[in-house]
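1. With the sequence up front, the predicted model follows.
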Amino acid sequence: MSSPPFIHIDEFDGADRFVTTKAFVNYTIDLRSHEPHQKVMLGDSERGDVQRPCVVFNDDITLEEGCGYRFGGFDNQWDDGEEIQLKLHKKSWANKFYDPDD
């Protein structure tokens, strides 16, 4: 079994495949719901002024603003086609590599 491909957040196309990526959490979006439990906007200054939404369905993952993460998740298109996002579900993971408070 091969490793999932690494793609930058500006390369997402909504193909609904498992990928790895890295990005910083720019800000949290208030969902006013329990499912998904968190939605954030990701950014990557190395790729220019690109942002990508990320929705978190996995209760074991909580993302913090200003922190950088390496992710394993799904390159997903929201059902109504409105946006392409990183979707963190059951088998997804997020490993923090940068915390401004450290």
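-> The structure has been received and is ready for your questions.

2. Okay, now stretch 83-102: how far is its last residue from its first?
-> Taking C-alpha to C-alpha, to the nearest Å, the first and last residues of stretch 83-102 lie 33 Å apart.

3. Give me the mean pLDDT for that stretch.
-> For stretch 83-102, the per-residue pLDDT values average out at 95.

4. Okay, buried residues for that stretch please.
-> Along stretch 83-102, the positions that meet the burial threshold by neighbour count (16 or more other C-beta atoms under 10 Å) are 84-88, 92, 94. Any C-beta I mention is one placed from the backbone N, CA and C, and that applies to glycine too.

5. and what of stretch 75-84?
-> For stretch 75-84, the buried set under the neighbour-count rule, 16+ other C-beta under 10 Å, comprises 75-77, 84.

6. now stretch 19-26
-> Along stretch 19-26, the positions that meet the burial threshold by neighbour count (16+ other C-beta under 10 Å) are 19, 21-25.

7. contact partners of it?
-> 3-9, 12, 40-45, 51-52, 54, 63-75, 86, 97-98 (C-beta atoms under 8 Å, 6 or more residues apart in numbering).

8. Buried subset of those residues, written for ChimeraX?
-> A single ChimeraX command selects the buried members of the contacts of stretch 19-26 (16+ other C-beta under 10 Å):
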select :9,12,40,41,42,43,44,52,54,63,67,68,69,71,72,73,74,75,86
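
9. Out of the contacts of stretch 19-26, which sit inside helices?
-> Using DSSP state H, the subset of these located in helices is empty.

10. related to what we said a few turns ago, tell me the one among the buried residues of stretch 83-102 nearest to residue 29.
-> residue 85 (11.0 Å; C-beta to C-beta).
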